[in-house]
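Whatever this is, show me its structure:
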Amino acid sequence: MALIKSVRGHSPQFGKNCFLADNCTVVGEVTMGDNCTVWFNAVVRGDVHSITIGNNTNIQDGAIIHCTYQNAKTVIGSNVSIAHSAIVHGCRVEDNVLIGMGAIIMDDAIIGAGSVIAAGAVVLPGTKVEPGSIYAGTPAKRVKDVGPEMTEVIARTARNYPMYAEWFKDKAE
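Numbering: from 1, shown residues only. Coordinates of the predicted model:
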């Protein structure tokens, strides 16, 4: 069963039809929209500031979502995919974004709508990623625009995760 815990008088709030994997952790001032999924070993820790997550967003295995005490909250839009072992910390991620495996998004960064952060990229504090662009490297830099094929990958990934969650829900046989 997922660890869901209140901290400093704040309890996580979940929208409709959210899936929380058995060993994920969601604590504190967290507000999650509808059809979100939080996967195995992922941590969403709203203990020092708020975390707000839109609809149809997936936080994949081992990802960490956190913020900075009294300074940087975390806001994640709708139809966002945060891949395995990514770290999203004290920043804003707009709608329809794909954050690759192992990427790190640091405080006060803004990830524009329809963007991709490549696997392993490090987005430095205060970076503003232009909507519809791909950023890669350490530190992350713009490499090109998101094309139609990648736009479909972003949409398909966000669409598929609620379907994957259905595979794990207990069903009467």
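
What strands flank the lengthiest strand in the chain, and is each parallel or antiparallel?
Longest strand in the chain, counting residues (DSSP state E): strand 43-53. Within its sheet, strand 43-53 is paired with strand 25-32 (parallel), strand 64-66 (parallel), strand 74-76 (parallel), according to DSSP bridges.

quick one, what contacts the residue nearest to F14 when sequence neighbours are not counted?
In this structure, F14 finds its nearest non-sequential neighbour in M32, 5.0 Å apart by CB to CB, 6 or more residues apart in numbering. All C-beta atoms are positioned from the backbone trio N, CA, C, and that covers glycine. Contact analysis of M32 by CB atoms under 8 Å, 6 or more residues apart in numbering lists 12-15, 18, 26, 38, 44, 53, 57.

and M32, bridged to which residues?
Beta-bridge pairing of M32 under DSSP bridges involves F14, I53.

Shouldn't R156 be within a strand?
No. Read with DSSP: H, G, I helix; E, B strand; the rest coil, R156 is helix and lies in no strand.

List only buried entries from the contacts of M32.
Among those, those scoring as buried are 12, 14, 18, 26, 38, 44, 53, 57 (criterion: 16 or more other CB atoms under 10 Å).

Test my guess that the fifth one contacts A21.
Yes. Taking CB atoms under 8 Å as the contact criterion, V38 and A21 are neighbours in contact, 6.4 Å apart.
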